[in-house]
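generate a structure from the sequence data that follows.
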Amino acid sequence: MRLLIARKSLWNRRWTALLTLLSLVVSIMLVLGINHVRTQVKDSFNNTLSGTDLIVGARGGSLNLLLYSVFHIGTASHNIRWNTYEELAKHSEVAWLIPIALGDSHKGFRVVATSPDFFAHYAYGQRQTLVFKEGAIFSSVFDVVVGSAVAKKLGYQPGDSLVLAHGLGEVTIAKHRDAPFVVSGILAPTGTPVDNSLYISLAGMQAIHRDWQSGVHIPAASSHGHHGDHGDHGDEPVGENLHAQSLSAILVGLKSRSATFTVQRQVNQYKAEALQAIVPGLALAELWQLMRNVELALHAIALLVVATSLLGMMTSLLTAMNERQREFAILRSLGAGPLYLFLLVVMEVMLLSLLASGIAVALLSGGLWVFQPWIMAEWGLHLSANILSGEQWHYLLYVLLAAALLSLWPAFIACRRALHDGLSMRI
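Next up is the predicted model:
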């Protein structure tokens, strides 16, 4: 009965209640959205690379090395020599190496030149390895393996032809039109930057840059027998007669994890070239530490918005007390006691808060479900539409608890006034 009266009372003040409801919905969506995106981004970053003990690159910032080599964000300040890769491969503690060369793109997607070891040893999540949805690994110089998001957005199938571009922008002028690639395989979705990348052999990278100097195509170079014609070497097995001159980074797997810091120190002290080796987990921890203040600021803003909405709701309830004196007096005359009126006001607040929470969760989940393919294609992030994790439930409970506490003062005023007011309105 009390619930029915609370609903009728809210309907009688529906426009004020609607504005209060919208304010609460927006604020709750903001809190839940910020926390969900933060958690999902962390999980996505943490799950991008698994089983790699070290990342080796040119000496510089550890975060920059992590971002460009694994997440394809930013660029390498310098490359490392191929001889360094060969020396590192001879190290007694090294189990496997994955060479990575960057610098080209295709319609805004990064092109990664690597070796077949990438598909054999690269792991993500809980040591999950890469799986082909269609086709297979590159077997000739001008084969390319395409990530799932690239294939979906651009509509590629095995056997399709594509042209790579020099540089990393979406719009590039310098294209390798003389050396088209053929899609040999499409990877299954991983929810990592792998989905937004194209993979070619190191020989393929070297082949398309034979006639290039300092990022510029030199046609005259073709007169010396280096023309990048598909027919000249398109059927060459990977690695035959072609060899990378430099690399952007090297992913390292060790025979024993206990040797991680020893090998890291040896790489950092390598005299032939200025190198640095980073531990992916420690570099990620450094990244989250740098982002800590940003997270706290976003949380503070979201909580302030919620607090403002709740205070606005309490203000509207207090303002409506004068308008509801007759309503409370009538209920009092029908036998409603002070406790009944007290609980009625609290129930109205809880109804609004519960309804706002439900709408916020539904809108946020629906929005993520609709925009997930776009987010995945544009940012390479998998944001789950299921936003009600354990921490999210805590936030909802905190909002409901705060709403209940703030409703106590208007409820107390309604109870006190009902004891003194009669059926007639005060003039």
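
please enumerate the strands of the stretch 151-300 of the chain.
Along the stretch 151-300 of the chain, counting by DSSP state E, counting those that start in this stretch, strands occupy 161-162, 165-166, 181-187, 197-201, 212-213, 216-217, 246-247, 249-254, 275-278.

neighbouring strands of the longest one in the sheet, and parallel or not?
For strand 181-187, sheet partners with direction are given as strand 132-135 (antiparallel), strand 143-146 (parallel), strand 161-162 (antiparallel), following DSSP bridges.

next, the angle strand 197-201 makes with it.
Here the directions of strand 181-187 and strand 197-201 differ by 120 degrees (axes from the mean of the first three to the mean of the last three Cα atoms, to 10 degrees).

just give me the neighbour total for H121.
19 (other Cβ atoms under 10 Å). For every residue, glycine as well, the C-beta is placed using N, CA and C.

residues contacting it?
G51, W96, I98, L251, G253 (Cβ atoms under 8 Å, 6 or more residues apart in numbering).

switch to 10 Å and redo it
Contact analysis of H121 by Cβ atoms under 10 Å, 6 or more residues apart in numbering lists G51, T52, A95, W96, L97, I98, S115, T129, L130, L251, V252, G253.

can you list those residues in CSV and add pLDDT, secondary structure and distance to I73?
Shown next, in CSV, are the contacts of H121 (pLDDT from 0 to 100; DSSP: H, G, I helix; E, B strand; the rest coil; distance: Cβ to Cβ, whole Å):
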residue, pLDDT, secondary structure, distance to I73
G51, 91, coil, 21
T52, 95, coil, 17
A95, 96, strand, 27
W96, 97, strand, 25
L97, 97, strand, 22
I98, 97, strand, 18
S115, 94, coil, 23
T129, 94, strand, 23
L130, 95, coil, 20
L251, 97, strand, 16
V252, 97, strand, 21
G253, 96, strand, 23
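
need the winner for burial among the strands paired with strand 181-187.
strand 143-146 (a mean of 26; mean count of other Cβ atoms under 10 Å).

pLDDT of it, averaged?
Across strand 143-146, pLDDT averages out at 96.

going forward, the N-terminal residue is numbered 31.
All right, first residue 31 from here; so that's strand 173-176.

then that strand to CSV, C-alphas only?
The C-alpha atoms that make up strand 173-176 are tabulated as CSV, following Å, rounded to 0.1, in the frame of the first residue of the first chain:
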residue,chain,number,x,y,z
ASP,A,173,52.2,-12.5,-48.3
VAL,A,174,50.4,-10.6,-45.6
VAL,A,175,48.5,-11.9,-42.5
VAL,A,176,45.6,-9.7,-41.5
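
ok so, going back, quick one: which of the contacts of H151 is nearest L320?
T82 (21.4 Å; Cβ to Cβ).

how does this structure divide into domains?
31-75+322-450, 84-240+270-308 (the TED database).

coming back round to it: turn the strands paired with strand 211-217 into CSV, including distance to L393.
Below are the strands paired with strand 211-217 laid out as CSV (distance: least, Cβ to Cβ, whole Å):
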stretch, distance to L393
strand 162-165, 33
strand 173-176, 34
strand 191-192, 39
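
could you export the domains of the chain as JSON lines, including distance to E316?
JSON lines is the format used below for the domains of the chain (distance: least, Cβ to Cβ, whole Å):
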{"stretch": "domain 31-75+322-450", "distance to E316": "11"}
{"stretch": "domain 84-240+270-308", "distance to E316": "6"}
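
worst average pLDDT in these?
domain 31-75+322-450 (a mean of 77).

would you agree S383 is in contact with V429?
Yes: S383 is within contact range of V429, at 6.6 Å (criterion: Cβ atoms under 10 Å).

shared neighbours of the two, anything?
Residues touching both S383 and V429 by Cβ under 10 Å, 6+ apart: L54, I58, S339, L340.

now the two most distant members of these.
I58 and L340 (10.2 Å).

so between the two, which is more surrounded?
I58 (26 against 22).

name the element the more buried one belongs to?
Using DSSP states H and E, I58 sits in helix 44-78.

now swap in Q156 and tell me
Going by DSSP H and E, Q156 is not part of any helix or strand.
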